[in-house]
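**Q** Below are the sequence and a predicted model for it; my questions follow.
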2 protein chains.
Amino acid sequence: MNPIVAEIPASLIRALHAKRKPTSLDMGLGEPSLMPDMRHFEQAMAWTRENGSRYAPNSGFQDLREAIARHYAYPGYGAGNVCITTGSQEAVFATIKALLDPARDEVLLVEPLFNVYDKIAQAEGVAVRRVDLGTESGCAFDADAILAAVTPQTRLIVVCSPCNPTGRVMNKTEAKKLAAGLLARCGSPVYVMHDEIYRELTFVDDFCEFGKMYPYTIAINSLSKSNALTGLRLGWLFAPSDVMAEIVKVHGWMTSCASTFAQRVALDIFATNDLAAQRPWYARQKDVALFAAREAGLEVIVPDGAFYLCVRVGVGLEEMVSFAESLVDECDVIAIPAHIFGSSLVGWLRTSFVGTPEDIREAYRRIAAHAKKYALLPR
Amino acid sequence: MNPIVAEIPASLIRALHAKRKPTSLDMGLGEPSLMPDMRHFEQAMAWTRENGSRYAPNSGFQDLREAIARHYAYPGYGAGNVCITTGSQEAVFATIKALLDPARDEVLLVEPLFNVYDKIAQAEGVAVRRVDLGTESGCAFDADAILAAVTPQTRLIVVCSPCNPTGRVMNKTEAKKLAAGLLARCGSPVYVMHDEIYRELTFVDDFCEFGKMYPYTIAINSLSKSNALTGLRLGWLFAPSDVMAEIVKVHGWMTSCASTFAQRVALDIFATNDLAAQRPWYARQKDVALFAAREAGLEVIVPDGAFYLCVRVGVGLEEMVSFAESLVDECDVIAIPAHIFGSSLVGWLRTSFVGTPEDIREAYRRIAAHAKKYALLPR
């Protein structure tokens, strides 16, 4: 067995999810509970009836890549700078593998951050540095803190905005400062992987499209969250041309090409500009969740986007996993111990607010009660 | 950039395919020209209307994994030994990454062999050994030759049967000998990756299901070739439980899970046992291609399965690529220089016989004529 792979733990999120019962109040897995718009599937069916189901070019259909390049309008990025991938997950993997030299390069993770970039970097033998934004500021993006953590070995910085798990966005002021600071550095460019998979689910005006500010941006996105299509596995990335050539090679070895059916679903979504239809629902859910968590007496990080709310339960590092496990076993609530996303979230849970308002209120009540009970347990 | 990735060449097959014109006689890309049966798509649509498009478990839906385990009935392999992947391509990548320790293990490629296993092994830093079956025997599988090439470092042997590019199958006699020889070795088990993606397209009775003979088989397959679904990206692998746990981890980092829509298409195909419907068409095509190539005066390797015919054009190693390029440019025929699949195929082309009989006949006439003309060129 590959020892580097063997020493990376399996997904705690999936392990907790496996404990799910039909009665569970599930705030665990990061996926929408809404249904997708089937009109896009009907279009893909009609196309498949005509054209069958043959390989697409490795980087994806030209018309889809053109539509995506046009929609986001990142300066300098045309259809040739877009690669269609099997979800954003494959985009992250292919980028890390293609871009980083394990013998020399470091990746800098801006945490709290979803815990898959670090696993992939580890699996690739790439050194990982971390900068944690800290709960004192509500995990606000801080360009100075990020720039201070850059070393001469840093070749890639990973930013997720809106952030999984905090829901915070990098605002334009900080983004400008970060871009200027990186451009002012000597030596090889530092790339920024801007994971914007939650960008359609943003509740503030100040979301920054980093690709419009910084030429070495690798923007990553998918239809999973905006269009309730986690199961479709359709994502994409933007990258500078020289990097793209290597990424497409790796992507070809990983999956050949993205599903042609999924690409036709995506083309219809872009053709009808149907990316933001579900945003108002998430904004209402966010308000319900915030109110309910505070009513239950839980400290929160106020999200700017996405569908996560981090709530403080105040347990120590060594008790985080057992707290989450007993929360499932004793209270039938699934929530994710958030220390896996960054050291400042020891004592916090990540909760997904995609359930009914009643379930959300009940889940936070149970979480708060369990935290109180847990604090009184003899150790 | 990752120097290991950078030094691996991009796909020559895709590069030649990019030269394709509407008039081209295309014997290049390895994909069916038939249409898929849309009834399976209709079933997947109905399911998606009811259930939406949410994540599947990392290893795939339980009912699909059960159906696949039941269908192939490999001894000792239940649903827990099946992982659904994004095409067989992802299955190959995840297996090599999870199973092999780059610091210690070697992979042994039984050539001629499709040239992606070596690229993935190289990208993973795994040492590659090769054993070439040789055209003298028509590239027949030879257990003694394979066993003689195994070293103490060999941890994985890759066999593709029916083989891309030769179409040869490993028959039961050789398979038994190979299994016995490997089981008689001391030390850690040697795994055999048995890529059986063309198994439904077999024209002989003596195809060996290696998973029924050898407990350390990693069997890889997909719907791409049997059901004209290259664009669906739906494959699977069988593996022993300990290996499977690591493979599923890597698969999760690569793509999370296979498309739920594609998995429902697959479930309907297994439920209706619709895997072999297109075989008779391929058997007829094989006869057409064999007759036409011989009529054109080309030496061939008689295939037992798949939809490839290797034909000899007799050019030297350094001229293989330019021959194929000039074949496109001057004769409007796309065929693949087969030396990329193994050293014994210097001087041969891989041709896919998925076109109309007229196109197949015309293509071999042009290939033979071009080979004659090429032989007379001043060098």
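**A** Good, I have the coordinates.
**Q** hey, where'd the strands end up in the stretch 201-350 of chain A?
**A** Here the stretch 201-350 of chain A has its strands, by DSSP state E, counting those that start in this stretch, at A:217-222, A:235-238, A:300-301, A:308-312, A:333-334, A:336-337, A:348-352.
**Q** and those strands, which is most packed in?
**A** strand A:348-352 (a mean of 29; mean count of other Cβ atoms under 10 Å in any protein chain shown). C-beta here means a position set from N, CA and C on the backbone, and glycine is covered the same way.
**Q** Off-centre distance for it?
**A** From the chain centre to the centre of strand A:348-352 is a distance of 14 Å (Cα atoms, centre = their mean, to the nearest Å).
**Q** Please identify the buried residues of the helix or strand just after it?
**A** Using DSSP states H and E, the helix or strand that follows strand A:348-352 towards the C-terminus is helix A:357-376. Within helix A:357-376, the residues that count as buried by 16 or more other Cβ atoms under 10 Å in any protein chain shown are A:359-368, A:370-371, A:374.
**Q** which residues are in contact with helix A:357-376?
**A** The contact list for helix A:357-376, computed with Cβ atoms under 8 Å, 6 or more residues apart in numbering or on different chains, reads A:25, A:27, A:285, A:288-289, A:292-293, A:295-298, A:311, A:313-315, A:319, A:323, A:326-327, A:330-333, A:335, A:349, A:351, A:353, A:355.
**Q** List the residues that contact the spatially closest residue to A:A289 that is not a sequence neighbour.
**A** Leaving aside its chain neighbours, A:A289 sits nearest to A:F353 (3.6 Å; criterion: Cβ to Cβ, 6 or more residues apart in numbering or on different chains). Residues in contact with A:F353 (Cβ under 8 Å, 6+ apart) are A:27, A:285-286, A:288-289, A:307-309, A:360.
**Q** quick one: average pLDDT of stretch A:58-70?
**A** Here stretch A:58-70 scores 98 as its mean pLDDT.
**Q** ok so, going back, would you format the strands of the stretch 201-350 of chain A as TSV with mean pLDDT and distance to A:P280 included?
**A** Output for the strands of the stretch 201-350 of chain A, formatted as TSV (pLDDT from 0 to 100; distance: least, Cβ to Cβ, whole Å):
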stretch	mean pLDDT	distance to A:P280
strand A:217-222	98	20
strand A:235-238	98	24
strand A:300-301	98	21
strand A:308-312	98	18
strand A:333-334	98	26
strand A:336-337	97	26
strand A:348-352	98	18
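**Q** Mind putting those into TSV with distance to B:A123?
**A** Putting the strands of the stretch 201-350 of chain A into TSV (distance: least, Cβ to Cβ, whole Å) gives the following:
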stretch	distance to B:A123
strand A:217-222	19
strand A:235-238	19
strand A:300-301	39
strand A:308-312	34
strand A:333-334	37
strand A:336-337	32
strand A:348-352	34
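**Q** Which one of these lies nearest to A:G87?
**A** Closest approach to A:G87 among the strands of the stretch 201-350 of chain A is made by strand A:235-238 (4.5 Å; Cβ to Cβ).
**Q** Which other helices and strands does that closest one contact?
**A** helix A:62-72, strand A:82-85, helix A:87-99, strand A:217-222 (3 or more Cβ pairs under 8 Å, 6 or more residues apart in numbering or on different chains; DSSP states H and E).
**Q** The longest one close to chain B?
**A** Yes - in this structure, helix A:87-99 sits against chain B according to Cβ under 8 Å from any Cβ of the partner chain; the contacting residues are A:87, A:89-90, A:93, A:97-99.
**Q** any residue of whichever helix or strand comes after that helix up close to chain B?
**A** Note on helix A:87-99: by DSSP H and E, the next helix or strand toward the C-terminus is strand A:106-111. No - Strand A:106-111 lies out of reach of chain B by Cβ under 8 Å from any Cβ, never closer than 12.1 Å.
**Q** quick one, strand A:106-111 and helix A:87-99 angle?
**A** Compare the direction of strand A:106-111 with that of helix A:87-99 by axes from the mean of the first three to the mean of the last three Cα atoms, to 10 degrees and you get 150 degrees.
**Q** the bottom helix or strand of chain A by mean pLDDT?
**A** Every helix and strand in chain A was compared by mean pLDDT, DSSP states H and E; the lowest is helix A:12-17, with a mean of 90.
**Q** buried residues in that helix?
**A** Under 16+ other Cβ under 10 Å, the buried positions of helix A:12-17 are A:12-14, A:16-17.
**Q** One more: stretch A:65-72?
**A** Quick answer for stretch A:65-72 (16+ other Cβ under 10 Å): A:65-69, A:72.
**Q** Among those residues, which one sits closest to chain B?
**A** A:R65 (15.0 Å; Cβ to the nearest Cβ).
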